[in-house]
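K.L.:
can you look at this prediction? I've put the sequence above it.
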Amino acid sequence: MFSLLKTDDQSAARLGSLQTPHGEIKTPIFMPVGTVGSVKAVYHRDLINEVKAQIILGNTYHLYLRPGTNILNQAGGLHKFMNWDLPILTDSGGYQVFSLAENRKITEEGVKFSSHIDGSKHLFSPEKSMEIQRNIGADIIMAFDECPPYPSDFHYAKNSMEITHRWLNRCIDFLNQNDPLYGFNQMLFPIVQGSTYDDLRKQSAEFVASKNCIGNAIGGLSVGEPAEDMYKNTELVCNILPKDKPRYLMGVGTPWNILECIALGVDMFDCVMPTRNGRNGQLFTSEGVINIKNKKWENDFSPIDPNGVAFVDSQYSKAYLRHLVVSGEILGPMIASLHNLSFYLWLVDEARKKIADGTFVSWKKDMIIKTSRKL
């Protein structure tokens with residue numbers, strides 16, 4: 001399923017290929033987030049032709065509430081429902097439940113929560129999460145976990161990790177006892193937890209690795225902890241997880257976070273940042289971060305990115321995009337989202353090239369300086 005093609009000589013960066021039922025994913029890769037079966041403000045054709053997305057995410061919690069598993073099942077799964085022929089990954093619903101702290105209760109059975117839509121009561125158990133993801137029909141599905149908040153005391157983080165491990169066993173049992181619905185095998189990724197405690201992270205990574213799943217994920221980071229803690233825990237876990245399986249760091253992050261974590265051995269990333277921040281006027285470029293609302297761009301008729309990393313960079317100027325955004329014109333967030341996603345996919349594509357030719361580390365250092373400065 002996963003082929004490790006090359007490891008960088010000066011870092012733990014890896015070049016790989018993950019074969020899925022809906023096509024190949026070249027790693028390292030960034031995955032645009034398509035929460036409810038759409039990447040906000042971006043046409044499918046642009047995701048494929050301009051962004052060059054290889055895989056997108058769906059959200060188990062949101063798709064369960066709307067349109068519901070019955071509709072998705074009748075459609076033949078999310079791929080057919082949204083007319084998307086490339087790979088899809090679905091999260092387990094655990095992070096959304098984590099974010100509903102005031103409206104949920106965690107027990108050994110699972111998590112009882114109130115819908116953010118209408119207040120109706122629901123239960124997510126490991127079995128229910130797997131059942132929903134069976135109906136969604138994603139290529140890669142995530143084990144149900146609890147994502148502890150930051151900061152968490154050691155006792156809470158330990159209990160959270162242990163229940164995540166027990167839930168993982170139940171997820172695996174359910175999948176072994178229930179066949180997939182749409183004629184292809186789904187890939188289960190367990191999730192390493194343990195907050196920012198080294199011994200818990202080590203214990204969790206060893207437990208997850210023992211399950212010998214097709215790939216593995218690192219959760220519970222990028223939830224407010226300092227970047228140094230994120231990097232430290234990512235490195236610790238990557239040194240334990242098997243080298244011959246893909247590693248997915250969930251919810252990360254900024255371009256510089258991604259580059260640093262590629263160097264630590266991570267293969268897969270996702271984050272809402274390129275689209276969410278784009279809709280609010282923040283643009284990521286190969287030369288730095290732009291707040292397009294600032295008046296300094298009012299009469300700047302140069303391309304959005306001087307290096308033309310996105311198709312839209314040759315079509316629209318900073319001045320025009322600023323005009324659209326400050327005027328509340330919906331085309332503004334669409335262009336900004338398309339640019340940011342294209343930039344993220346360009347960045348990981350460049351990383352793959354640099355790993356292949358042996359210049360990744362020096363390139364990474366230069367790109368972190370450039371991409372993280374404010375313009």
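P.N.:
Arrived safely.
K.L.:
near the closest residue to K121 other than its chain neighbours, how many other residues are there?
P.N.:
Spatially, and ignoring its direct neighbours in sequence, K121 is nearest to S114 (6.0 Å; C-beta to C-beta, 6 or more residues apart in numbering). Just so you know, the C-beta spots here come from the backbone N, C-alpha and C atoms, and that holds for glycine as well. Counted with other C-beta atoms under 10 Å, the neighbours of S114 add up to 15.
K.L.:
longest helix anywhere in the protein?
P.N.:
Longest helix in the chain, counting residues (DSSP state H): helix 331-357.
K.L.:
for that helix, the averaged confidence score.
P.N.:
Summarised as a single mean, pLDDT over helix 331-357 is 98.
K.L.:
so what does the following helix or strand past that helix touch, helix or strand wise?
P.N.:
Counting by DSSP states H and E, the next helix or strand C-terminal to helix 331-357 is helix 360-372. Counting contacts by 3 or more C-beta pairs under 8 Å, 6 or more residues apart in numbering; DSSP states H and E, helix 360-372 is packed against helix 255-263, strand 288-291, helix 331-357.
K.L.:
output the first one in CSV with nothing but the alpha carbons.
P.N.:
Going back to what we said before, that points to helix 255-263. Backbone C-alpha positions of helix 255-263 (Å, rounded to 0.1, in the frame of the first residue of the first chain) are rendered in CSV as follows:
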residue,chain,number,x,y,z
PRO,A,255,3.6,26.5,5.8
TRP,A,256,6.6,26.6,8.2
ASN,A,257,5.1,24.1,10.5
ILE,A,258,4.6,21.7,7.6
LEU,A,259,8.2,22.1,6.4
GLU,A,260,9.6,21.5,9.9
CYS,A,261,7.5,18.4,10.4
ILE,A,262,8.3,17.0,6.9
ALA,A,263,12.0,17.2,8.1
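K.L.:
what angle separates that helix from helix 331-357?
P.N.:
Here helix 255-263 runs at an angle of 30 degrees relative to helix 331-357 (axes from the mean of the first three to the mean of the last three C-alpha atoms, to 10 degrees).
K.L.:
okay, Y95: pLDDT?
P.N.:
Y95 is given a pLDDT of 74.
K.L.:
from memory it sits against V272, does it?
P.N.:
No - assessed by C-beta atoms under 8 Å, Y95 is found out of contact with V272, at 11.2 Å.
K.L.:
mind checking which of the two has more residues around it?
P.N.:
In this view Y95 and V272 are compared by other C-beta under 10 Å, and Y95 has more residues nearby, 22 against 15.
K.L.:
can you tell me the SS state at the more buried one?
P.N.:
Following DSSP: H, G, I helix; E, B strand; the rest coil, we place Y95 in the helix state.
K.L.:
give the helix, strand or coil label for the closest residue to it other than its chain neighbours.
P.N.:
In this structure, Y95 finds its nearest non-sequential neighbour in C147, 5.2 Å apart by C-beta to C-beta, 6+ apart. Of the three states, C147 takes coil according to three-state DSSP.
K.L.:
cool, and the one 4 residues further on?
P.N.:
Per three-state DSSP, the local secondary structure of P151 is coil.
K.L.:
so who does the residue nearest to K121 touch?
P.N.:
Applying C-beta atoms under 8 Å, 6 or more residues apart in numbering, we find S114 in contact with 100, 103-104, 120-122.
K.L.:
in strands, which of those residues fall?
P.N.:
Secondary structure from DSSP state E places 104, 121-122 of those in strands.
K.L.:
which of the contacts of S114 are buried? Put it as a PyMOL command.
P.N.:
Applying 16 or more other C-beta atoms under 10 Å to the contacts of S114, the buried members can be selected in PyMOL as follows:
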select buried, resi 104+122
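K.L.:
for the residue nearest to F184 when sequence neighbours are not counted, give its distance to K245.
P.N.:
With sequence-adjacent residues excluded and distances taken as C-beta to C-beta, 6+ apart, F184 is closest to P21, at 3.7 Å. Separation of P21 from K245 (C-beta to C-beta, to the nearest Å): 17 Å.
K.L.:
then K295?
P.N.:
Taken as C-beta to C-beta, the span from K295 to K245 is 49 Å.
K.L.:
check A12 too.
P.N.:
Taking C-beta to C-beta, one finds A12 at 14 Å from K245.
K.L.:
what does N212 give?
P.N.:
Counting by C-beta to C-beta - N212 and K245 are separated by 9 Å.
K.L.:
which of those two has more residues huddled nearby?
P.N.:
K245 (19 against 10).
K.L.:
tell me the secondary structure for the more buried one?
P.N.:
Going by three-state DSSP: K245 is coil.
K.L.:
could you do the one 3 residues further on as well?
P.N.:
For Y248, the secondary structure call by three-state DSSP comes out as strand.
K.L.:
surely it meets M268?
P.N.:
Yes - the pair Y248 / M268 is scored as a contact, 3.9 Å apart, by C-beta under 8 Å.
K.L.:
now do the shared contacts for these two.
P.N.:
In contact with both Y248 and M268: G215, using C-beta under 8 Å, 6+ apart.
K.L.:
would you map out the domains in this protein?
P.N.:
If you go by automatic domain parsing, the domain ranges for the chain are 2-271, 272-375.
K.L.:
setting aside sequence neighbours, what's the nearest residue to L5?
P.N.:
Once flanking residues are discounted, L5 sits nearest to L15: 4.5 Å by C-beta to C-beta, 6+ apart.
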